[in-house]
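Quick one: sequence and predicted model below, then my questions.
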Amino acid sequence: MTLTIAWVRSVGDTEELCIASDSRLRSFGSWDVCPKLFTTPRDDAAFGFAGDTMYAYPLILQAVNHISLHHASHSRALDIYAAKGHYMELFKDMLKYMSDPPKPKGKNEIGSLFIFAGFSSRKREFKIWQVRFNTTEGKFEWLPAGGMRGMGGRNFVTILGQPSMSQSKRSAAIRAGKAPEVETANDVKLMATNRLAGLLRAVVTSAEEVSTWSRLRFCATSLGRRLLTMSEVRLN
């Protein structure tokens with residue numbers, strides 16, 4: 001199971017972009033000290049992922065390297081909205097150089113979900129995108145984050161979880177007399193949505209609430225909208 005969450009919240013006259021993830025990788029066992037959040041040389045944006053590391057690590061690390069080598073992106077002369085277009089092309093182009101890919105285990109040929117989030121100096125706002133691979137069209141989709149009921153204001157949230165299944169697909173399977181692909185009790189995204197809605201109102205501060213979490217928080221103050229950064233890792 002894997003879970004990554006990004007959200008924007010307002011605290012007085014300050015807006016915060018918060019990103020959190022678990023730190024467990026699984027392949028030949030469990031490894032509990034592995035990063036799933038990645039800062040960038042821009043210092044105003046970050047990547048995160050949930051799911052298969054086989055695709056996630058190469059794609060994210062290549063994007064970080066691109067930022068290091070591309071002056072306009074590194075210096076923030078290229079706003080995050082324009083920079084996103086570069087990363088979209090990079091993700092698409094990376095797949096052209098893969099040969100002899102493994103056979104897909106299920107419907108999703110790329111079992112990785114991504115978050116790209118940061119601050120736009122041009123629009124003076126935080127922005128979150130969810131990135132997922134559309135198997136029908138054979139390309140990555142970059143979807144802007146939506147809101148969560150009850151959070152109010154300009155708050156946005158994106159939750160990535162695997163395994164997960166939309167409620168509409170689960171209901172359709174039940175109506176058809178079929179077993180859902182993912183049982184409700186095992187749906188990581190659903191559990192996070194139901195149990196962490198209240199937690200999204202505040203920065204994670206208790207190790208009892210979340211056992212193995214990485215946290216990255218960006219704060220933009222209304223006074224000059226200066227970007228502050230803080231990163232923290234907690235491991236139990």
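Ah, there it is. Numbers count the residues shown, from 1 in each chain.

ok, longest helix in the chain?
Within the chain, and with DSSP state H defining each element, the longest helix by residue count is helix 53-69.

Not counting that one itself, show me its contacts.
Where contact means C-beta atoms under 8 Å, 6 or more residues apart in numbering, the residues beyond helix 53-69 that reach it are 25, 27, 36, 38, 40-42, 47, 49, 73-74, 83, 86-87, 90-91, 94, 110-112, 114. Every C-beta, even on glycine, is put in place using the N, C-alpha and C of the backbone.

Give me the buried positions along the following helix or strand past that helix.
Scanning forward in sequence from helix 53-69, with DSSP states H and E defining helices and strands, the next element found is helix 71-74. Neighbour counts over helix 71-74 (16 or more other C-beta atoms under 10 Å) mark 73-74 as buried.

Give me the angle between whichever helix or strand comes after helix 71-74 and helix 53-69.
Going down the chain from helix 71-74, the next helix or strand is helix 80-94, by DSSP H and E. Comparing the axes of helix 80-94 and helix 53-69 via axes from the mean of the first three to the mean of the last three C-alpha atoms, to 10 degrees yields an angle of 130 degrees.

If you count contacts, what does the helix or strand just after helix 80-94 end up packed against?
Following the chain from helix 80-94 toward its C-terminal end, the next helix or strand by DSSP H and E is strand 112-120. Other helices and strands packing on strand 112-120, by 3 or more C-beta pairs under 8 Å, 6 or more residues apart in numbering; DSSP states H and E, are strand 2-11, strand 14-22, strand 45-51, helix 53-69, helix 80-94, strand 125-134, strand 156-162, strand 213-221.

Kindly recompute the last result at 6 Å.
In terms of contact count using 3 or more C-beta pairs under 6 Å, 6 or more residues apart in numbering; DSSP states H and E, strand 112-120 is assigned the packing partners strand 2-11, strand 45-51, helix 80-94, strand 125-134.

Show me the contact partners of that strand.
With C-beta atoms under 6 Å, 6 or more residues apart in numbering as the contact definition, strand 112-120 has outside contacts at 4, 6, 17, 44-52, 55-56, 79-81, 126-129, 131-132, 158, 160, 220, 227.

Ranking helices and strands of the chain by mean pLDDT, which lands last?
Scoring the helices and strands of the chain by mean pLDDT, DSSP states H and E places strand 227-234 at the bottom, with a mean of 34.

And the contacts of strand 112-120, which of them are buried?
With neighbours counted by 16+ other C-beta under 10 Å, these contain buried members at 4, 6, 17, 44-52, 55-56, 79-80, 126-129, 131-132, 158, 160, 220, 227.

now Phe114, which residues is it bridged with?
Beta bridges link Phe114 to Phe49, Val131 when assigned by DSSP bridges.

how many other residues sit next to it?
Neighbour count of Phe114, defined by other C-beta atoms under 10 Å: 26.

Please apply the same query to the one 3 residues further on.
Look at Ala117: counted by other C-beta under 10 Å, it has 26 neighbours.

which non-adjacent residue is nearest it?
Spatial nearest neighbour of Ala117, excluding adjacent residues (C-beta to C-beta, 6 or more residues apart in numbering): Ile128 at 4.2 Å.

Return the residues in contact with the one you found.
In this structure, Ile128 makes contact with 6, 117, 145, 156, 158, judged by C-beta under 6 Å, 6+ apart.
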